[in-house]
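J.: What follows is a predicted protein model with its sequence.
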Amino acid sequence: MSGYGDSPRVETVATAQGRVAFLDHVLQELGMRRPVLVSPSMSGRFALPFLLARGDRLAGFVPIAPVGTKDYTAEQYRWVQTPTLILYGDRDTSLGSQALQNLQHLPKHRVAVVPDAGHACYLDKPEDFHRALLGFLRQLK
């Protein structure tokens, strides 16, 4: 992600609108039509504005304790009709519970909590994580 790790900062993604345009461009370049967007942690800065602006272009959304959930209101979340699996580890007591508190306003959501897993629940308990993810994917049309 721009500005993190060894990636240089790119001004075009400094705003939420810029991040939506960037993600939209990536999905178009990859030829993806109605993908399921999986969004762990910092990627929430890209995925959440995209969900709110263009959620109708997604078949599903899987936020994994993403950052930025508190930047939007319950009313904004209520407008989103994208099927969502809110996923986090039960030992992620900061972002996991914060994300749930905010994202529970999405009308088409389910919740899966990975037991004995922290913030990176997909690394801590990959089998449990994949079981929850695959179960959600199977239920999508």
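T.: Thanks, I have the structure now.
J.: Tell me how far H130 lies from K70.
T.: The span separating H130 from K70 equals 28 Å under the rule C-beta to C-beta, to the nearest Å. Where you see a C-beta, it was placed from the backbone N, CA and C, and this is true even at glycine.
J.: Please apply the same query to S97.
T.: In this structure, S97 and K70 are 12 Å apart, going by C-beta to C-beta.
J.: neighbour count winner among those two?
T.: Neighbour comparison, S97 and K70: the larger count goes to S97, with 14 against 10 (by other C-beta atoms under 10 Å).
J.: I'd assumed A112 was in a helix, is it?
T.: No - applying DSSP: H, G, I helix; E, B strand; the rest coil, one finds A112 to be strand, outside a helix.
J.: Distance of the residue nearest to it when sequence neighbours are not counted relative to L51?
T.: Leaving out its chain neighbours, the residue that sits closest to A112 by C-beta to C-beta, 6 or more residues apart in numbering is A132, at 3.8 Å. With distances defined as C-beta to C-beta, the gap from A132 to L51 amounts to 19 Å.
J.: beta partners for the residue lying closest to D90 once chain neighbours are set aside?
T.: For D90, the nearest residue in space outside its immediate sequence neighbours is V113; the separation is 5.1 Å by C-beta to C-beta, 6+ apart. Going by DSSP bridges, V113 is paired in beta bridges with Y88.
J.: V113 contacts R91, doesn't it?
T.: No - under the criterion of C-beta atoms under 8 Å, V113 is not in contact with R91, lying 10.0 Å apart.
J.: all strands of the chain, in order?
T.: Per DSSP state E, the chain carries strands over the ranges 36-40, 60-64, 84-89, 109-114.
J.: Could you dump those into a markdown table and include mean pLDDT, mean neighbour count and distance to L137?
T.: Converted to a markdown table, the strands of the chain look like this (pLDDT from 0 to 100; neighbours: other C-beta atoms under 10 Å; distance: least, C-beta to C-beta, whole Å):
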| stretch | mean pLDDT | mean neighbour count | distance to L137 |
| --- | --- | --- | --- |
| strand 36-40 | 96 | 20 | 6 |
| strand 60-64 | 97 | 25 | 7 |
| strand 84-89 | 96 | 25 | 9 |
| strand 109-114 | 96 | 18 | 12 |
